[in-house]
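Asker: Model the following, please.
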Amino acid sequence: MFGWEMDFIPMLEDGQSRSISWENRKGEKGRGGMASSELGPSRKGSPCIPCVKAHETVVLAQIEDTGVIRHIWMTVTDKVSDKNRYILRDLVLRMYWDGEKEPSVEVPLGDFFCCGFGTAYPVQSLPIVVNPTRGFNCYFPMPFVKEAKITLENQCEEDIPAFFYQIDYCQKQSLPSPIGYFHAQWRRQRMTELTKDYVILDKVAGKGKYVGTYLALTALERYWYGEGEVKFYLDGDEEYPTICGTGMEDYFGGAWSFASQVDGKTVENTYCTPFLGYPYFSCHDTQAQHHDYYTDDHLPQRSFYRWHIPDPILFEKSIKVTIQQLGVSYGGLFERQDDIASTAYWYQSEPHQAFSELMERKLRWPR
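Answerer: Numbers count the residues shown, from 1 in each chain. Got it, this is the predicted structure:
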């Protein structure tokens, strides 16, 4: 059994606990921490990938067995240059299940962990946690029947030093039937189209459950940006969805623009809860702090997450997820155009339809 339910914690389980890191790349029993350092044998001799070369794809894990990945931890340097200042968008995380040729997960590293815009910040939720400093954690269970493969591609123009990671899993574990395979896909429109809903997820065929949305929104227009409704088109819905929310801030568990009035000024209220969050707001170019300039005129950037863990969106044949780009000003509702990037998280039966080609590296960079 795997899941988040507290009642299952004391129940004994079949399986074998294993862990993969750069020092024990196959997760072998009794072979952790064997590498030597200047301190001698088994003294932190190989704790990380010393260098991920420019344009190189590294296999982080290759597991040949039945099991469930339970926890992933990663971190990467924040010592950046002008050529790779957005490495959290330049590094691409991919996951493959049971011998797939096409990935079931293909997301820029930062966005997978709810950190868009090429910068890291605290995220305190149930399945995704980001701790100081750049400590990326994922607790989504990821079952597989025969094989699991996780890769990292460095699309930077420079080498990336010191990439650390640990992947904890249980092998030879009994799996419920049928299982859903974990999927995650990233998308972006640098400017949404007027009167056309932004598509978070589409072209999904099979049975499954939708479990999460991460949104990185850069406002390109004045006034309130979040009146758009999140829509779920299920099992053949065409013109109208089966599930339609009441507004963006409502979908992410907030209300009334996430804002308070303090001394005549609007104050953004960020928050993190187990299933809903608004962890990041900034009008500053935080990456510029690593360089010789600093600007205060950055376009407003906001991050949001919603985990459908206690309330999954179930589908039998297909699912499409969209969000309207609507705002409100003194003249009432109006159609907006903003910059939206999103990551959709879901489980489904395999095979899945191949994803559209990932946006070119520099087009993924924040404005």
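
Asker: Not counting its neighbours along the chain, what's nearest residue 209?
Answerer: Nearest non-adjacent residue to residue 209, counting by C-beta to C-beta, 6 or more residues apart in numbering: residue 312, 4.1 Å away. C-betas here are computed from N, CA, C, even on glycine.

Asker: what does residue 44 give?
Answerer: Going by C-beta to C-beta, 6+ apart, residue 44 has residue 37 as its nearest residue, at 5.4 Å.

Asker: try residue 61
Answerer: residue 150 (4.4 Å).

Asker: just to revisit the earlier point, how close does the residue nearest to residue 44 sit to residue 145?
Answerer: Distance, residue 37 to residue 145, using C-beta to C-beta, to the nearest Å: 38 Å.

Asker: who's more crowded, these two?
Answerer: For residue 37 versus residue 145, neighbours defined as other C-beta atoms under 10 Å are more numerous around residue 145 (16 against 12).

Asker: got the contact list for that one?
Answerer: Listed by C-beta atoms under 8 Å, 6 or more residues apart in numbering, the contact set of residue 145 reads 66, 98, 175, 179.

Asker: In PyMOL, how would I select the buried members of those residues?
Answerer: Command for PyMOL that selects the buried part of these, burial taken from 16 or more other C-beta atoms under 10 Å:
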select buried, resi 66+179
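
Asker: Return the backbone torsion pair for the residue nearest to residue 61.
Answerer: With angles defined as degrees, to the nearest 10, residue 150 sits at phi -130, psi 130.

Asker: and residue 104, how many neighbours?
Answerer: Residue 104: 24 neighbours (other C-beta under 10 Å).

Asker: you'd agree it is up against residue 95?
Answerer: Yes. Counting by C-beta atoms under 8 Å, residue 104 touches residue 95, with 5.7 Å between them.

Asker: one step back: what's opposite the residue nearest to residue 44 in the beta bridge?
Answerer: residue 40 (DSSP bridges).

Asker: Going forward, the N-terminal residue is numbered 3.
Answerer: Done: numbering now begins at 3, and the last item shifts to residue 39.

Asker: Could you pull out the helices in the stretch 103-252 of the chain for me?
Answerer: 111-114, 250-253 (DSSP state H, counting those that start in this stretch).

Asker: Which of the ones you listed has the highest mean neighbour count?
Answerer: Stretch with highest mean neighbour count among the helices of the stretch 103-252 of the chain: helix 111-114 (a mean of 25; mean count of other C-beta atoms under 10 Å).

Asker: Skip the chain neighbours and tell me the closest residue to the residue positioned nearest the centre of the chain.
Answerer: Central residue of the chain (C-alpha atoms, centre = their mean): residue 114, 1.9 Å from the mean position. Sequence neighbours aside, residue 95 is the residue nearest to residue 114 in space, at 5.2 Å (criterion: C-beta to C-beta, 6+ apart).

Asker: Quick one: residues contacting that neighbour.
Answerer: Contacts of residue 95 by C-beta under 8 Å, 6+ apart are 107-111, 114, 152-154.

Asker: run the last query once more with 10 Å
Answerer: Residue 95 sits next to 62, 74, 76, 105, 107-115, 138, 140, 152-155, 186, 188 when contact means C-beta atoms under 10 Å, 6 or more residues apart in numbering.

Asker: Now do the residue nearest to the centre of the chain against residue 53, distance only.
Answerer: 22 Å.
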